[in-house]
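A.B. asks: fold the following.
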Amino acid sequence: MSTAAIIMMVIACVTVFGGVISAVIHIQRNPDAQSGEFGDEGLVHDEPAGRLRNEP
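C.D. replies: Modelled structure (predicted):
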C-alpha cells in the first residue's frame, strides 16, 4: 500500500471509530429516558399504549 492510502485509511478509521465513541458517550450521559418527547416524567407510563389513547 502506498503512503497516501495508509494515511487515508487511518483518517477514515479515526473518523468512524471517533463517531462511535462519541455516540456511546452521548448516550451514557443522556439516556433515552431523559430526552425526547416522552422523556418527561409526567408522560412516562408503564401502561400499554391502547390505554393511553382510551382504546378498549
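
A.B. asks: all contacts plus neighbour counts: C-alpha atoms, from now on.
C.D. replies: OK.

A.B. asks: distance of residue 19 from residue 6?
C.D. replies: Noted for residue 19: a distance of 20 Å to residue 6, by C-alpha to C-alpha, to the nearest Å.

A.B. asks: quick check: mean pLDDT across the helix ranked longest in the chain?
C.D. replies: With DSSP state H setting the assignment, residue counts place helix 3-29 as the longest helix in the chain. Here helix 3-29 scores 95 as its mean pLDDT.

A.B. asks: check which helices and strands it sits against.
C.D. replies: Helix 3-29 sits against no helix or strand, with contacts defined as 3 or more C-alpha pairs under 8 Å, 6 or more residues apart in numbering; DSSP states H and E.

A.B. asks: and it, what's buried?
C.D. replies: Residues of helix 3-29 include none that count as buried (16 or more other C-alpha atoms under 10 Å).

A.B. asks: start at 481, not 1
C.D. replies: Done: numbering now begins at 481, and the last item shifts to helix 483-509.

A.B. asks: measure residue 509 to residue 482 for me?
C.D. replies: From residue 509 to residue 482 the distance is 40 Å (C-alpha to C-alpha).

A.B. asks: and for residue 490?
C.D. replies: 13 Å.
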